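Q: Fold the stuff below for me.
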Amino acid sequence: MIHSKPDLFDELCPSAFLPVRMDHKWGPLVLGTLEAGPLRFSELRTVLHRTSPKELTRALRTLERDGFVVRSAAGRAVSYELTPLGRSLLGPLKALYAWTAEHWDEILDARDPVEV
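A: Next up is the predicted model:
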């Protein structure tokens, strides 16, 4: 069988289905916040107070679309919780956070402007 390289411009390229989208920083934070259990939108906003309602809504919709979060409505009360798939992503995210903490100084040094 011949395998070709993925075409990054093809909408079905595997890179388009990465669970942690680099263009949206709030997704992993939402997942981590929901680890303890379901939360209402206002409760998520309290914890993630640096995000706007629009950005939080965008993150939740993306996570729901990708099967990591489920939205439940009981009357006017809407809550969000992790699906089994979303819960399975917590381990790799924690490993990434640990790696980041371990290499924090190196990351900051690399971001320093290069003198010419």
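Q: so residue 47 makes contact with residue 34?
A: No. With contact defined as CB atoms under 8 Å, residue 47 does not count as touching residue 34 (9.7 Å). Bear in mind the C-beta positions are built from the backbone N, C-alpha and C, glycine included.
Q: For the two, indicate the residue with more neighbours.
A: It is residue 34, of residue 47 and residue 34, that has more neighbours when counted by other CB atoms under 10 Å, with 25 against 14.
Q: quick one, what contacts the more buried one?
A: 44, 69, 80, 81, 82, 86 (CB atoms under 8 Å, 6 or more residues apart in numbering).
Q: Residue 80 in helix, strand or coil?
A: State at residue 80, reduced to three classes by DSSP: H, G, I helix; E, B strand; the rest coil: strand.
Q: Tell me how many other residues crowd it.
A: There are 22 residues near residue 80, going by other CB under 10 Å.
Q: And stretch 89-106, what's buried?
A: Within stretch 89-106, the residues that qualify as buried by neighbour count (16 or more other CB atoms under 10 Å) are 89, 90, 93.
Q: Per-residue pLDDT of the second one, please?
A: The one in question is residue 90. Looking at residue 90, its pLDDT reads 93.
Q: and residue 24, that one's in a helix?
A: No. In this structure, residue 24 is coil, not part of a helix, as judged by three-state DSSP.
Q: That one and residue 57: what is the separation?
A: According to CB to CB, to the nearest Å, residue 24 and residue 57 sit 12 Å apart.
Q: C-terminal to the helix or strand hosting residue 31, what's the next element?
A: Using DSSP states H and E, residue 31 maps to helix 26-33. Next along the chain after helix 26-33, taking DSSP H and E as the criterion, comes strand 39-40.
Q: could you point out which element follows that following strand?
A: Next along the chain from strand 39-40, counting by DSSP H and E, comes helix 41-47.
Q: Would you mind listing the buried residues in that next one?
A: 41, 44.
Q: what's near enough to touch residue 64?
A: 70, 71, 80.
Q: State the number of residues packed around the second one.
A: In other words, residue 71. 14.
Q: The helix or strand hosting it - which strands sit beside it in the sheet, and in what orientation?
A: Assigned by DSSP H and E, residue 71 belongs to strand 69-74. If you go by DSSP bridges, strand 69-74 pairs up with strand 77-82 (antiparallel).
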